[in-house]
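Colleague: Please work out how this folds:
(chains A and B)
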Amino acid sequence: MILPKPAQIPKGHKVSNLKSQISNLFLPRGFGGYWRKVLAIVGKDVATEIRTKEMISAMFVFSLLIIFIFNFTFDLRTENVQTVAPGVLWVAIAFAGMLGLSRSFVLERDRGVLDGLLLTPVDRSAIYFGKMIGNVLFISGVEIVILPVFIILFNQSAAALPPLCGVVILGTIGFASVGTLFSAMAVHTRAREVLLPIMLFPVIVPLLLSAVRLTSAILDNTPFAEVSHWLALLVAFDAIFIAASFMLFEYVVEE
Amino acid sequence: MATQTALSQQVKSELTASRFNWSLGLTLASGLLMLAALYLALVWAPDAVNLEAPAERYAQRIFYFHVPSAWIGFLAFIVAAIAAVLYLVTRDQKWDVWGLASVEVGLAFFTMVMLSGPIWAKPTWNVWWTWDPRLTISTISWLLYIGYLMLRGAVDNPERQARFAAVYALIAAISVPINWMAIRWWRTIHPAVVAPGKNSEALGGFGMSDNILLTLLFCLLAFTVFYITLMVHRIRLENLKRRVETLKQQILYQ
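Modeller: From the prediction side, this is the model:
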């Protein structure tokens, strides 16, 4: 429905590169080139982050604070820790991730990087995937530290760590997929950081629900068959919102 | 000056000619339909037989306005999503106006749902609120509507405002069915603490006799006509507002 026929659209029009996007994604010829461009954008973000360490350190401290504050406020004792722990983990990830996402395009805009990126001869979707993978990397970087801390503070078994990592990665991808799209919109608004959570949280409710259910299943050693539909929902969420954001991103950054 | 006169004539003709009568007719029709719906819902429809307490019986009549409001709320969302697709494809301002109008009208109806629901639930379920899937999904949809309007309010450039709003409306529309599925599963696995929350037939539910069903269907019709009327007025208002903006700009820069 959003895909117009290529013939109707004049060359150079913003919508016209959809065909090349798809061919870039699926054809071997364009494949290497496209992902090299994506990786170049990821590399730029990672290099910036390594030099400033602004975002990761803020996200990390913030998520630690959330976990500690939940410990105080819920007065976590052994009997209720199992029911609260998954929720605490995902609130920490979601809030810290929100912090990172809201910064994601601020530098780009304030220093005119976005204009530069838009002028480069790459697909808009390459910019989207570059930014999204960058966001996934940053949030994962925080999670690598947070997960062991979580296991220790909530007295969980370390054997839960590998499956937990899988769920966390899937959740992060879904979060960053639609989060990157909204972040690119929010940066052009007056409210900026304030608006992003208001837009993003209602949309990621299914993601949080399924991630929390899977996490508690892992921590409780529930058989996988009982929660497999939640995993399916999580994967479907990722796929649907990556596809939707990939198609809609060029409408967000065009100008 | 010539363009200005032409424009003002266009405005004048639009205000007086065919469009005016049409919207007036719709307004009258929806007013009569709503009055009839009120009569049917409050007087004509019989009491639900299995509800003993008077408070429950009176509160049950909220249902005739609650259900149609929820229907309009979701219908408005669908209209907004279709308008968003049409806007992104055609870049015609018209569809942006449609989307905005639909979300605003839908939000009004949804707020009615959110208010009338607890008023009914208190005498029937004895709580204002339960985490029933339907209640939860309604709240999230309501928040999505508010996010849409806040996003619009925070963007100055009108073209960008339309674009962002369309993108957001589409993502929101995609998220509603996924939300719906997730929340149903969430409740199926962990049954609600308040038992009737899971199944409305259990407590406060009632068999629908013919008259009750007829009243409900009539109310659905009345609300749909009311929605269309409000849309017509809101679209016209927004078009006039935008025309005033354009005229202001023209006069300022002449």
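
Colleague: Any figure for the gap between residue A:124 and chain B?
Modeller: Distance, residue A:124 to chain B, using CB to the nearest CB, to the nearest Å: 13 Å. The C-beta positions use only the backbone N, C-alpha and C, and glycine is treated the same way.

Colleague: Local confidence estimate at that residue?
Modeller: On the pLDDT scale, residue A:124 is placed at 84.

Colleague: Hmm, it is touching residue A:247, no?
Modeller: No - contact criterion CB atoms under 8 Å: residue A:124 and residue A:247 do not qualify, at 10.3 Å.

Colleague: Where does pLDDT dip in the stretch 151-255 of chain A?
Modeller: Judged by pLDDT under 70, the stretch 151-255 of chain A has its weakly predicted residues at A:255.

Colleague: near chain B, which residues of it?
Modeller: Within the stretch 151-255 of chain A, the positions near chain B by CB under 8 Å from any CB of the partner chain are A:178, A:181-182, A:185, A:188-191, A:195, A:198-199, A:201-203, A:205-206, A:209-210, A:213, A:229-230, A:233, A:236-237, A:240-241, A:244-245, A:248, A:251-252, A:254-255.

Colleague: Among those residues, the buried ones, what's the ChimeraX command?
Modeller: Selection command for ChimeraX covering only the buried members of these, criterion 16 or more other CB atoms under 10 Å in any protein chain shown:
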select /A:178,181,182,185,188,189,195,198,199,201,202,203,205,206,209,210,213,230,233,237,240,241,244,245,248,251,252
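
Colleague: Restricted to helices, list the residues of the stretch 151-255 of chain A next to chain B.
Modeller: The helices, defined by DSSP state H, take in A:178, A:181-182, A:185, A:195, A:198-199, A:201-203, A:205-206, A:209-210, A:213, A:229-230, A:233, A:236-237, A:240-241, A:244-245, A:248, A:251-252 from those.

Colleague: How about the contacts made by the closest residue to chain B within the stretch 51-200 of chain A?
Modeller: Going by CB to the nearest CB, chain B is nearest to residue A:189 of the stretch 51-200 of chain A, at 3.7 Å. Neighbouring residues of residue A:189 by CB atoms under 8 Å, 6 or more residues apart in numbering or on different chains: A:195, B:151, B:154, B:155, B:164.

Colleague: Go through those residues and give me the one with the most neighbours.
Modeller: Per-residue neighbour counts (other CB atoms under 10 Å in any protein chain shown) across the contacts of residue A:189 peak at residue B:164, which has 25 neighbours.

Colleague: give me the element that residue is part of.
Modeller: Applying DSSP states H and E as the criterion places residue B:164 in helix B:158-189.

Colleague: and what of residue A:118?
Modeller: Counting by DSSP H and E, residue A:118 is part of helix A:113-119.

Colleague: could you give me the average pLDDT of that helix?
Modeller: Mean predicted confidence for helix A:113-119 is 82.

Colleague: Going by contacts, tell me the helices and strands next to the next helix or strand after it.
Modeller: Using DSSP H and E, the helix or strand that follows helix A:113-119 in sequence is helix A:124-153. Counting by 3 or more CB pairs under 8 Å, 6 or more residues apart in numbering or on different chains; DSSP states H and E, the packing neighbours recorded for helix A:124-153 are helix A:18-26, helix A:28-52, helix A:54-74, helix A:78-104, helix A:113-119, helix A:161-186, helix A:224-253.
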